[in-house]
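>>> can't give you the sequence, but here's the structure:
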Ligand code: THU
C-alpha cells in the first residue's frame, strides 16, 4: 500500500482533483506503480490501468495483486476507493479470479478478489 500512496503523489488530475495511486505486484515479484492521468478531452487513464499497461508493455502477464489508494488531491484516503468498471474488465483480461485487490480507507486495508468485484465476468475464456 505504501507504493500506491507514493504513486498518488504523481497523479495528474487537474479536472477531478481526485488523486489515485496503484501498485501492481507481478507473480515474479516485480512491482509496477501507476497514477491517474487526466486530459482536457476526457480521455484519461485510471491509476490501475496505468500500472497494468506499464507492466504488460514491459512483458508481464502474470499478476498477483494490486493496491489502490484514492482521495482528493492533497488529502488522505478516508474511504475505500474501488477500481472502476473499465479497470475491473481490463483486470479480467490479464488476471485470474483470485487476483487480490487491496484497498485502504486510511485506517485499514481491505482485501477483495477480482471475482468479488466483477462476478460472472466476461473474459478471454469465453472466446476460447
Ligand atoms: N480513478 C482512478 O484512477 N481509479 C479509481 O479506482 C477510481 C477513479 C480516477 C479517474 C479520474 O482521473 C479520477 O479518479 C476521478 O474519477
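Done, it's in. Quick caveat, the model's predicted, so the values are computed rather than measured.
>>> quick one, phi psi at the residue nearest the centre of the chain?
When the chain is reduced to its mean C-alpha position, the closest residue under C-alpha atoms, centre = their mean turns out to be residue 48, at 2.4 Å. Dihedral angles of residue 48 (phi, psi; degrees, to the nearest 10) stand at phi -60, psi -50.
>>> Not counting sequence-adjacent ones, nearest residue to it?
residue 87 (4.2 Å; C-beta to C-beta, 6 or more residues apart in numbering). For every residue, glycine as well, the C-beta is placed using N, CA and C.
>>> what about that neighbour, helix or strand, and which?
Assigned by DSSP states H and E, residue 87 falls within helix 85-94.
>>> Need the residues that contact that helix.
Residues from elsewhere that reach helix 85-94, judged by C-beta atoms under 8 Å, 6 or more residues apart in numbering: 46, 48-49, 52, 56, 61, 63, 66, 83, 99, 101, 114, 117-118, 121-124.
>>> For stretch 76-91, list every residue counted as buried.
Using 16 or more other C-beta atoms under 10 Å as the test for burial, stretch 76-91 gives 77, 80-83, 87-88, 90-91.
>>> Kindly report the same for stretch 64-79.
65-71, 77.
>>> chain center to it: distance?
Centre-to-centre, stretch 64-79 and its host chain are 10 Å apart (C-alpha atoms, centre = their mean, to the nearest Å).
>>> Give me the contact status of it with the ligand.
Yes - using C-beta under 6 Å from any ligand atom, stretch 64-79 reaches the ligand at 68, 70.
>>> One more: stretch 98-117?
No - counting by C-beta under 6 Å from any ligand atom, the ligand has no neighbours in stretch 98-117; the shortest distance is 9.0 Å.
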